[in-house]
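[1] any chance you could fold what I've pasted below:
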Amino acid sequence: MAKQKEEKTNVMRILEQQGIPYTPHTYPHDGEAVPDGETVARALGQDPSAVFKTLVTRGASGGYYVFDIPVSAVLDLKKAARAVGEKSVAMLPSRELLPLTGYVHGGCSPVGMKKRFPTVFHDSCLGQDTICVSAGKIGFQVEVRPADLIALVGASTADVIVEE
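    Below is the predicted model of the structure:
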């Protein structure tokens, strides 16, 4: 019987090329609606505080910034702007995401974007052994040590979420 070949994303290939250990995860999706992050966390059997979503913003200066925060959190735009030294930042419209990053809404990863942008992970990632981020395709996630991800994308950490 032939062994079924595991589908690999570019994110997985980059992690392998860099010698970074990861665990791939998949979750079901219908191809139409993009599941929200908490649904993805439940489907993976993961704590939502260890599953991070990747958000792309544009600063007042015109520069682009990437923020990775827990899926159940909300990005605080004022804190985010301070973290990257901008007067303000605004969420990038979905239609601009694919041409800028190479990723679609719901499948955006901090790894392997078309260009490297300043990236900030919420500092809660430092308290996790591993975190999950998108593997660059809807339905695929990778679980990686936060320090490895931060080093790979040249990221910093800061408190950039709305306090509950």
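
[2] alpha carbons only for contacts and neighbour counts from here, please
    Noted.

[3] who does F140 bridge with?
    Counting by DSSP bridges, F140 forms beta bridges with T26.

[4] residues touching it, list them.
    P24, H25, T26, Y27, G107, S134 (Cα atoms under 8 Å, 6 or more residues apart in numbering).

[5] so the second one touches E143, yeah?
    Yes. H25 sits in contact with E143 when judged by Cα atoms under 8 Å, with a separation of 7.4 Å.

[6] okay, these two: which has more neighbours?
    E143 (20 against 16; other Cα atoms under 10 Å).

[7] for the lowest-mean-pLDDT helix or strand in the chain, name the packing helices and strands.
    Every helix and strand of the chain was ranked by mean pLDDT, DSSP states H and E. The lowest is helix 37-44, at a mean of 85. Of the remaining helices and strands, none touches helix 37-44 by 3 or more Cα pairs under 8 Å, 6 or more residues apart in numbering; DSSP states H and E.

[8] send me that helix as PDB with only the CA atoms.
    Provided in PDB are the C-alpha atoms of helix 37-44 (Å, rounded to 0.1, in the frame of the first residue of the first chain):
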ATOM      1  CA  GLY A  37      -8.900  31.600  15.600                       C
ATOM      2  CA  GLU A  38     -10.700  30.200  18.500                       C
ATOM      3  CA  THR A  39     -12.400  27.600  16.300                       C
ATOM      4  CA  VAL A  40      -9.000  26.600  14.900                       C
ATOM      5  CA  ALA A  41      -7.500  26.300  18.400                       C
ATOM      6  CA  ARG A  42     -10.400  24.000  19.500                       C
ATOM      7  CA  ALA A  43     -10.000  21.900  16.300                       C
ATOM      8  CA  LEU A  44      -6.300  21.500  17.100                       C
END
